[in-house]
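Participant: Sequence first, then the predicted structure:
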Amino acid sequence: MVAVTLQPLAVQPPARLTIQTIEIAPETTAMRSLDWDRERFDIEFVLNNGTTYNSFLIRGDKVALVDTSHQKFRSLYFDLLTGLIDPQSIDYLIISHTEPDHSGLVKEVLQLAPQITVVGAKVAIQFLENMVHQPFQHLLVKNGDRLDLGQGHELEFVSAPNLHWPDTIFTFDHKTGVLFTCDAFGMHYCDDHTFDQEPELIAADYKYYYDCLMAPNARSVLAALKRIEKLEIQTIATGHGPLLRHHLSNWVDSYRTWSQEQTKADVFIAVFYAEEYGYAEQLARAIAHSIIKTEATVELVDLMSAELQEVRELVNSAAGLVIGMPPQSNVSAHAALSTILAAAHSKQAIGLFESGGGEDEPIYPLRNQFQEIGLMEAFPPILLKAAPTQAIEQICDEAGVDLGQWVTRDRTIKQMKSIDSQLERALGRLSNGLYLLTTQKGDVSSAMVATWVTQASLEPLGVAIAVAKDRAIEALLHPGDRFVLNVLQEGKSQPLMKHFLKRFAPGSDRFAGVKTYAAANGSPILADALAYLECEVTSRLENNDHWIIYSIVQTGRVAQLDALTAVHHRKVGNHY
């Protein structure tokens, strides 16, 4: 009889959730919910250092609570809040914006203290009414409005739409100099430090957060910075991460510099969509993210809440327009669409997508109206009949790249023609082989011609491939992804090159009419290739305009031993 020792099943340790409270200014308390182990935040973020959700109490003659916390902190948060103050004594709940990580406990707060008046932008109150499903007292505020809590705590509200939701407001306390900004100036970084004592530890996370959430709305960032420049700010109380006090001017100046860099080329695309309708936000952000790869800037605008004058100004100066179909019944969205149509002109490119909310505005009549004006269609309408799949997200990625490359084409051509130095001409004499990288990931397949390829290691066998940041395929080349590197044959490369260098519509089959068979890793092998290597990505190195993709070679084969690899010769080194 064989004795068997049973090993206990591995149990996933519970996520570390802690809470911190500290006085940050006279009569002003920060309640910071520390989420130490969160690994992902929305679609944009892979988190390395967790995150925090920050809430604040201001006590004057009247009491204001600024934002709440995430639902996962419900028990911890209310234990702390009720230990600090009787909820019945809270007069105001200020909603900086209604994203659930900040407003996730609003319903519970109102149940504890139904006498509270909720303070927020018009759009925020509308969103909350659909979230809490119960009546509540509210106070609508706009830019420049003030609320006096007594004992010197006079609160001034600053409109900051699109940072990063359309309902965002900042709140400035004139007594303490604290500016409550919610998402703006924040970062996903969790540690015990309340403030920014060690900027070198958080600088990378601050920039990463800006790139993911604020860069798509760089123009809105600059508008918000202009609105707060006359305020005597002592502390920025953010909604995520440490509060900013010790290096305040550096953090603010960084936002200004980065946003100016985003907008300096004055080549931008306005992406209009209906917030909180169907899958509009998910698709709009996917398209916006890929546009940014091409070094065009993006302005995300909610069709259902934007001021018509703002819409008109954006359309007048935009190089391209993207519109997600709003609900047919929304009057504000229809007014915005009419404004867009009146302001659009024939030098622009246009792209349309369905939002999948159940009562979308018909896409083709609107498409016809833009075509009559003379706008160039950057990509065919993206049609959505169910929840977005990986294939739909890839179509959005490719569509955004196509549109971004179109609006930046003049700049690209100018850069290509500017070559005049001997160095760049000499660099162009470096010759490379010709390869076709092919990949299949789930339902999504793609391919690209590659020339910047080199063997990069012997143990293990590895290759490095340079992939331009504005290539949609780079999204399929992250660590763990697999692909095939097809080596093209001298004298027989032209048919494949001609096929794969043509422009494909987003989502179209790159391999139609090309003979392939499946590799062990699932990616296509080109039947007419001289050789192939099956690879797995293990790391990526970011350069200014390219990713260097390092991959382990798992297997390979040569079809014709005495044949040579096709070679690519250039004359200059600034394009290929």
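Facilitator: Perfect, I can see it now.

Participant: contacts and neighbour counts: CA atoms only from here.
Facilitator: Fine.

Participant: buried stuff in the host helix or strand of residue 147?
Facilitator: If you go by DSSP states H and E, residue 147 is part of strand 146-148. For strand 146-148, the neighbour count (16 or more other C-alpha atoms under 10 Å) marks residue 146 as buried.

Participant: Following the chain onward from it, which element is next?
Facilitator: strand 154-159.

Participant: Give the partner strands of that next one in its sheet and their orientations.
Facilitator: Paired with strand 154-159 in the same sheet, following DSSP bridges, are strand 146-148 (antiparallel), strand 169-173 (antiparallel).

Participant: Present those as CSV; the columns should include mean pLDDT and distance to residue 327.
Facilitator: Shown next, in CSV, are those (pLDDT from 0 to 100; distance: least, C-alpha to C-alpha, whole Å):
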stretch, mean pLDDT, distance to residue 327
strand 146-148, 97, 34
strand 169-173, 97, 26
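
Participant: mind giving me JSON lines with those and columns for distance to residue 27?
Facilitator: JSON lines is the format used below for the strands paired with strand 154-159 (distance: least, C-alpha to C-alpha, whole Å):
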{"stretch": "strand 146-148", "distance to residue 27": "14"}
{"stretch": "strand 169-173", "distance to residue 27": "11"}
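
Participant: before we move on, the earlier item: distance between the strand holding residue 147 and the chain's centre?
Facilitator: Relative to its parent chain, strand 146-148 has a centroid offset of 34 Å by C-alpha atoms, centre = their mean, to the nearest Å.

Participant: what comes into contact with that strand?
Facilitator: Applying C-alpha atoms under 8 Å, 6 or more residues apart in numbering, the external contacts of strand 146-148 come out as 154-157.

Participant: likewise stretch 377-393?
Facilitator: With C-alpha under 8 Å, 6+ apart as the criterion, stretch 377-393 contacts 279, 283, 286, 349-356, 363, 371, 395-396, 399, 402-403, 406, 442-444, 505-507.

Participant: Return the subset of these lying in strands.
Facilitator: Judged by DSSP state E, the subset of these located in strands is 349-353, 444.

Participant: Just the buried ones among those, please.
Facilitator: Buried among these (16+ other C-alpha under 10 Å): 349-353, 444.

Participant: Adding neighbour count, distance to residue 318 and pLDDT, write the contacts of strand 146-148 out as TSV.
Facilitator: Formatted as TSV, the contacts of strand 146-148 follow (neighbours: other C-alpha atoms under 10 Å; distance: C-alpha to C-alpha, whole Å; pLDDT from 0 to 100):
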residue	neighbour count	distance to residue 318	pLDDT
154	17	39	98
155	22	36	98
156	20	32	97
157	22	29	96
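
Participant: What is the nearest of those residues to residue 209?
Facilitator: In terms of C-alpha to C-alpha, no member of the contacts of strand 146-148 lies closer to residue 209 than residue 157, at 23.8 Å.

Participant: That closest one contacts residue 168, correct?
Facilitator: No: assessed by C-alpha atoms under 8 Å, residue 157 is found out of contact with residue 168, at 10.3 Å.

Participant: picking that back up, which one, of the strands paired with strand 154-159, ends up nearest to residue 72?
Facilitator: Between residue 72 and the strands paired with strand 154-159, the shortest separation by C-alpha to C-alpha is 24.4 Å, and it involves strand 169-173.

Participant: In the helix ranked longest in the chain, which residues are buried?
Facilitator: What stands out as the longest helix in the chain, according to DSSP state H, is helix 390-407. Under the neighbour-count criterion of 16+ other C-alpha under 10 Å, helix 390-407 has 392-407 buried.

Participant: Now that helix - C-alpha only, CSV.
Facilitator: Provided in CSV are the C-alpha atoms of helix 390-407 (Å, rounded to 0.1, in the frame of the first residue of the first chain):
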residue,chain,number,x,y,z
GLN,A,390,-11.2,41.3,-28.6
ALA,A,391,-11.7,41.6,-32.4
ILE,A,392,-13.8,44.8,-32.0
GLU,A,393,-11.1,46.3,-29.7
GLN,A,394,-8.5,45.5,-32.3
ILE,A,395,-10.6,47.1,-35.0
CYS,A,396,-10.8,50.2,-32.8
ASP,A,397,-7.0,50.1,-32.3
GLU,A,398,-6.4,49.8,-36.1
ALA,A,399,-9.0,52.5,-36.9
GLY,A,400,-7.4,55.0,-34.5
VAL,A,401,-4.0,54.4,-36.0
ASP,A,402,-5.3,54.9,-39.5
LEU,A,403,-6.9,58.2,-38.5
GLY,A,404,-3.9,59.4,-36.6
GLN,A,405,-1.6,58.6,-39.4
TRP,A,406,-3.8,60.5,-41.9
VAL,A,407,-4.0,63.7,-39.8
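
Participant: Adjust the sequence numbering to begin at 27 for everything that follows.
Facilitator: Sure thing, new numbering starts at 27, so read that last one as helix 416-433.

Participant: and it with strand 375-379, angle?
Facilitator: 170 degrees (axes from the mean of the first three to the mean of the last three C-alpha atoms, to 10 degrees).

Participant: pLDDT of helix 416-433, averaged?
Facilitator: In this model, helix 416-433 carries a mean pLDDT of 89.

Participant: Tell me which strands whichever strand or helix holds residue 560 pairs with, and in which orientation.
Facilitator: For residue 560, the host element (DSSP H and E) is strand 557-568. If you go by DSSP bridges, strand 557-568 pairs up with strand 508-513 (antiparallel), strand 572-584 (antiparallel).

Participant: For these, give me a markdown table that also has mean neighbour count.
Facilitator: Shown next, in a markdown table, are the strands paired with strand 557-568 (neighbours: other C-alpha atoms under 10 Å):
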| stretch | mean neighbour count |
| --- | --- |
| strand 508-513 | 27 |
| strand 572-584 | 19 |
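
Participant: Compare those and give me the one nearest residue 141.
Facilitator: strand 572-584 (55.0 Å).

Participant: Adjacent strands (with direction) for the helix or strand just after the closest one?
Facilitator: Once the chain leaves strand 572-584, the next helix or strand it forms, by DSSP H and E, is strand 593-594. Here strand 593-594 is paired, per DSSP bridges, with strand 458-459 (antiparallel).

Participant: Which residue comes closest to residue 560 once chain neighbours are left out?
Facilitator: Once flanking residues are discounted, residue 560 sits nearest to residue 510: 4.6 Å by C-alpha to C-alpha, 6 or more residues apart in numbering.

Participant: and that neighbour, bridged to which residues?
Facilitator: residue 464, residue 560.

Participant: and the gap between it and residue 456?
Facilitator: 24 Å (C-alpha to C-alpha, to the nearest Å).

Participant: again with residue 46
Facilitator: Applying C-alpha to C-alpha, the value for residue 46 to residue 456 is 58 Å.

Participant: got a list of what residue 132 touches?
Facilitator: 94, 158.

Participant: Go again with 7 Å.
Facilitator: Listed by C-alpha atoms under 7 Å, 6 or more residues apart in numbering, the contact set of residue 132 reads residue 94.
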